[in-house]
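In: Got a predicted structure plus its sequence, pasted below:
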Amino acid sequence: MARIAGRFRRVEPRASARSYLLGLLSGVERKNCWQMAEQAGHTRPGSLQRLLRYACWDADAVRDDLRSYAAENLAAPDGVLIVDETGFLKKGRSSAGVQRQYTGTAGRIENSQVGVFLALATSRGRALIDRRLYLPEQSWADDPERRHAAGIPDEVRFQTKPFLAGEMIAAALDAGITAPWVTGDEAYGQDPRLRVVLEARGTGYVLAVACSTRVRINHGRTAVRADTVAGRLPATAWHRQSAGIGAKGPRYYDWAWIHIGIGANRHLLIRRNLSTGELAFYLCWSPATVSLAELVRVAGVRWSVEECFQAAKSQVGLDHYQVRHWTSWHRHITLAMLALAFLTAVAADAAPQRPAGPHYFDHSLDPVTLTVPEIRRLFGAVFNPPAVSTARLLHWSIWRRHHQATARRSHYRRRTPDESAG
């Protein structure tokens, strides 16, 4: 709070921001304004709702503070920036950017919002450091009435997800983030403009692409599909290496790499699953010569962003918001990312120095390193407010039921035909 306090001009929103962050770090079932206000001992959720919607503060400035905080606490020379998206399932059509669209959260087309995120992953930990709400072109970007109702600024225009990712990467690098690599899935690896932007900045990348991607071999003279290249490789081209430590130990795959194009540092990296034989493909570029092991490491780091999403949603309520407005979405998401970065920084500081050997955990009797969920539980226990009185519990029960009754009347009136008509 000391780091971001200056972003709030008045003491009231500053105090609300502290209550909001403590609520996100607490053990309440749903991290929405109602339950967090009750957790904080407030008589109404109004102050937290105003914090998200009407209070005077800049969520992008707090995002900048969050980015600096994460960089300071997770700094390491092996940093990787990861771009990815996640969906937020919603009902109705009023929430900014919502429409029926594919989201990996559900694994199918659902009514949802989609946020594009940037994560920083190092050997000390990983955290989400930037976000953009994707605005669909036809249903939102070109609909002035919907834009106005959801508070979307006039300067916000339709941009593709890779373009949004490129903006966040550029902003992070300009802010001094130390990360020599960028990685992402096919949605970003297939975009040639993003790759051009990264190469222009001298930032290496390992980006997933489809099996149908055409690459140029034989010193750039022959164009061929990536899966065709894989099918022609001899057995000696494959090398078994770990893509990093997973929940059940090292994640071993067979890997192959070949030079493509005319540059010495441009490669097609191929991963083969040991059990199923399934193949995955990556376009790689680096400003200097690198080893296969380094490309494999970066490719394996990409899964860190999925862990970030899981922790953010399960631990600090990234997807628990009940807001529709453009500004409110960015404010909640930013504060949730800050809460997660705090837990990650504490975990990084608490982690003991242990041998890096691959067989260390085979024989170690040491306890598991403090995790983000465990730290949140401990933090919640330390800062848990005293037991509330029966009167307080009943007060909130009555308030919620009155509010729900008001909402019910509104819904029924909208759906009931006007008896005076006709």
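Out: Arrived safely. Numbering: from 1, shown residues only.
In: use CA for all of it now, contacts and neighbours both
Out: Will do.
In: Against which helices or strands is the host helix or strand of S328 packed?
Out: Element membership of S328, judged by DSSP states H and E, is helix 326-350. Helices and strands touching helix 326-350, by 3 or more Cα pairs under 8 Å, 6 or more residues apart in numbering; DSSP states H and E, are helix 11-25, helix 46-53, helix 59-74, strand 125-133, helix 304-315, helix 372-382.
In: Among those, show me which one is buried the most.
Out: Of the helices and strands packed on helix 326-350, the one with the most neighbours on average (mean count of other Cα atoms under 10 Å) is strand 125-133, at a mean of 24.
In: which residues are contacting that strand?
Out: Residues from elsewhere that reach strand 125-133 (Cα atoms under 8 Å, 6 or more residues apart in numbering): 63, 66-67, 70, 74, 97, 113-121, 164, 168, 304-305, 308, 330, 333-334, 337, 340-341, 344-345, 347-348.
In: Can you read off the backbone torsions of A407?
Out: The phi/psi pair for A407 (degrees, to the nearest 10) reads phi -60, psi -40.
In: Against R401, how distant is it?
Out: 10 Å (Cα to Cα, to the nearest Å).
In: just I4 next, same as before
Out: Distance from I4 to R401, by Cα to Cα: 35 Å.
In: Neighbour count for those two, which is higher?
Out: Shown here are I4 and R401; by other Cα atoms under 10 Å, I4 has more neighbours (16 against 11).
In: With adjacent residues omitted, what lies nearest to that one?
Out: Nearest in space to I4, with sequence neighbours left out and distances taken as Cα to Cα, 6 or more residues apart in numbering, is V62 at 6.3 Å.
In: on that earlier part again, give me the buried positions along the helix holding S328.
Out: 326-348 (16 or more other Cα atoms under 10 Å).
In: Let me know the angle separating it from helix 11-25.
Out: 60 degrees (axes from the mean of the first three to the mean of the last three Cα atoms, to 10 degrees).
In: Can you report how many residues lie near H403?
Out: 10.
In: Report the separation between it and R409.
Out: Counting by Cα to Cα, the gap from H403 to R409 is 10 Å.
In: now swap in R108 and tell me
Out: On the measure of Cα to Cα, R108 and R409 end up 33 Å apart.
In: swap in R147?
Out: Noted for R147: a distance of 27 Å to R409, by Cα to Cα.
In: Of these two, give the one with the bigger neighbour count.
Out: R147 (22 against 11).
In: Provide a list of residues in contact with the nearest residue to that one once chain neighbours are set aside.
Out: Nearest residue to R147 in three dimensions, chain neighbours excluded: W140, at 6.5 Å (Cα to Cα, 6+ apart). Applying Cα under 8 Å, 6+ apart, we find W140 in contact with 97, 146-147.
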